[in-house]
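In: sequence isn't available, so here's the structure alone:
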């Protein structure tokens, strides 16, 4: 088998035009993955590539890894839906690197407005995920409560600042990638819970700095590990215990909402990667109803409606 034969052995776009179209869809997915509350999986549903995406991710399996470990690289390449993944990742990567700069800037300079938008997005996402449980009953109710309790425990247990060590960045990648491929659950939301959303997006402002490049590589390695391991378990749970799993995820989002509350007390200012970053402490309430508070509420409503519109488009597409 030649390298060319291995490259074209698996499913994927057969022309440059089709590859470009897939990259454009990846651009939309990547933009969604950077924004907490909007899932890349939902965008994949809307654009009609969700089944292909799941198939491509499943091609990153132990068979491929075993062939790569014994340096049977052509066979390993033939196992992977490489043309699909490369075309998609070009778009996803472009969106993440470009939009991450914007989100990092907004979090630093307009935190209340940004968190308000996030709050609206994730509030609507709770409704979206809960709709995937058509038959609520004792079992799903218990799963919901367990999810909410677990999330509340994690959020309260999680320190204001989480470690910036490589092992924790690896863990963030493992967990976040599993959420990124689920319709309704955002990987960026998981990074918010873990306290690493601003940190990861900050590294993407200057991705080729040695320290930032190391963080990005470790995070991507975590994503790969998550795809090869935990995503399999998640897929099993969704196939065999879908309603209980979705109810648990709904509870997880509900219990995590205090983490996304827009109004917080400033704890300290910390220098991260050469720039000042505000470290937020406990939640608080706005003291007066002024223009800033009103605009924050409007942004929350806009975020809420936007997710419902996207979810509606996804349901129409899947039907």
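Out: Noted; the coordinates are in hand. For clarity, every value in this text was computed on a predicted model and none was experimentally measured.
In: contacting residues for the residue nearest the centre of the chain?
Out: When the chain is reduced to its mean C-alpha position, the nearest residue by C-alpha atoms, centre = their mean turns out to be residue 187, at 1.6 Å. Applying C-beta atoms under 8 Å, 6 or more residues apart in numbering, we find residue 187 in contact with 33, 39-40, 176-180. For glycine as for every other residue, the C-beta is placed from the backbone atoms N, C-alpha and C.
In: hmm, try it at 7 Å
Out: With C-beta atoms under 7 Å, 6 or more residues apart in numbering as the criterion, the residues that contact residue 187 are 33, 176-177, 179-180.
In: same thing with residue 68?
Out: When contacts are counted by C-beta under 7 Å, 6+ apart, residue 68 is found next to residue 76.
In: all further residue positions should be reported with the first residue as 6.
Out: Right, with 6 as the first residue, what we last looked at is residue 73.
In: buried ones in the host helix or strand of it?
Out: With elements delineated by DSSP states H and E, residue 73 resides in helix 67-74, which encompasses its position. Of all the residues in helix 67-74, those buried under the rule 16 or more other C-beta atoms under 10 Å are 69, 72.
In: stretch 21-28 too?
Out: For stretch 21-28, the buried set under the neighbour-count rule, 16+ other C-beta under 10 Å, comprises 24, 26-28.
In: and residue 259, how many neighbours does it have?
Out: Residue 259 has 19 neighbours, counted by other C-beta atoms under 10 Å.
In: you'd agree it is in a helix?
Out: Yes. When the secondary structure is assigned by DSSP: H, G, I helix; E, B strand; the rest coil, residue 259 falls within a helix.
In: chain neighbours aside, what residue packs nearest to it?
Out: Excluding its sequence neighbours, the residue lying closest to residue 259 (C-beta to C-beta, 6 or more residues apart in numbering) is residue 153, at 4.8 Å.
In: helices or strands up against the helix or strand encompassing that neighbour?
Out: For residue 153, the element it lies in under DSSP H and E is helix 143-162. The helices and strands touching helix 143-162, judged by 3 or more C-beta pairs under 7 Å, 6 or more residues apart in numbering; DSSP states H and E, are helix 247-265.
In: and the contacts of the helix it packs on?
Out: 120, 123-124, 127, 130-131, 134-135, 137-138, 140, 144-145, 148-157, 160, 190, 197-198, 242-243, 288.
In: in that helix, what's buried?
Out: Buried, per 16+ other C-beta under 10 Å, within helix 247-265: 248-262, 264-265.
In: could you say what helices and strands the helix or strand following the helix holding residue 153 packs with?
Out: The first helix or strand that comes after helix 143-162 along the chain, using DSSP H and E, is helix 171-185. Here helix 171-185 is seen to pack against helix 192-198, helix 215-233, helix 235-245 when contacts are counted using 3+ C-beta pairs under 7 Å, 6+ apart.
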